[in-house]
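*Asks:* Okay, predicted coordinates and the sequence, questions at the end:
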Amino acid sequence: MQFYYGKQMPLRVLDEAEFWKLQEKEHTVVIRHAISNLEKKYVDALEEWEHALAKTHQTVVSFIESVIRSKYIYEQLRKQVLQLVTFCLEESMKFIELLRQIMKYSTAVKNSPIAKTIIDHIIRESEYFIGIARVILYRDKC
């Protein structure tokens, strides 16, 4: 992510969050379909995550619409954007925790090298978003 957006930085931050929350939501579907014999408890957990990530995605989209319509980014709106980014970061960390539990305890994943590769890739993508979010949050505190 580039940092030359100036006053439009809140919009750029939200664009990143919007993209990655949609990706994570879609990843729940990819895992469920790619690992056809995945245990029910993990399928159920991924379905719950799909709904939670969809809700977060919608919240981010709503904030994008607010920022676009705002001629000036008021301090309160900027703070709310940063709180939302913090929530998105924490949500991604919890999502990764679930994926690591699946890799550790799922027999279906343990017996499938491709399943491990898929989940590892998804974890790396969520970690990429976490890295972006941290830079944004820590940069703002300096």
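*Replies:* Nice, thanks for sending it over.
*Asks:* from here on, contacts and neighbour counts on C-alpha atoms
*Replies:* Fine.
*Asks:* ok, the nearest residue to residue 85 once chain neighbours are set aside to residue 70 distance?
*Replies:* Closest residue in space to residue 85, ignoring its immediate chain neighbours: residue 133 at 6.5 Å, by C-alpha to C-alpha, 6 or more residues apart in numbering. For residue 133, the distance to residue 70 (C-alpha to C-alpha, to the nearest Å) stands at 23 Å.
*Asks:* ok, which stretches of the protein are helices?
*Replies:* 9-34, 40-69, 75-105, 107-110, 113-141 (DSSP state H).
*Asks:* Excluding chain neighbours, what is closest to the residue positioned nearest the centre of the chain?
*Replies:* Central residue of the chain (C-alpha atoms, centre = their mean): residue 21, 3.8 Å from the mean position. Excluding its sequence neighbours, the residue lying closest to residue 21 (C-alpha to C-alpha, 6+ apart) is residue 57, at 5.4 Å.
*Asks:* got the contact list for the one you found?
*Replies:* 17-18, 21-22 (C-alpha atoms under 8 Å, 6 or more residues apart in numbering).
*Asks:* Out of these, flag the one nearest to residue 99.
*Replies:* residue 21 (15.3 Å; C-alpha to C-alpha).
*Asks:* on that earlier part again, save the contacts of residue 57 as TSV, and put in pLDDT and distance to residue 53 too.
*Replies:* Listed next are the contacts of residue 57 as TSV, based on pLDDT from 0 to 100; distance: C-alpha to C-alpha, whole Å:
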residue	pLDDT	distance to residue 53
17	95	11
18	96	10
21	98	6
22	98	7
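*Asks:* from these, which is closest to residue 78?
*Replies:* residue 17 (14.6 Å).
*Asks:* Could you list which residues are in contact with the closest one?
*Replies:* Here residue 17 is in contact with 57, 60, 85, 88, 129 (C-alpha under 8 Å, 6+ apart).
*Asks:* between the residues you listed, which is nearest residue 11?
*Replies:* Closest to residue 11, out of all of the contacts of residue 17 and judged by C-alpha to C-alpha, is residue 60, at 10.1 Å.
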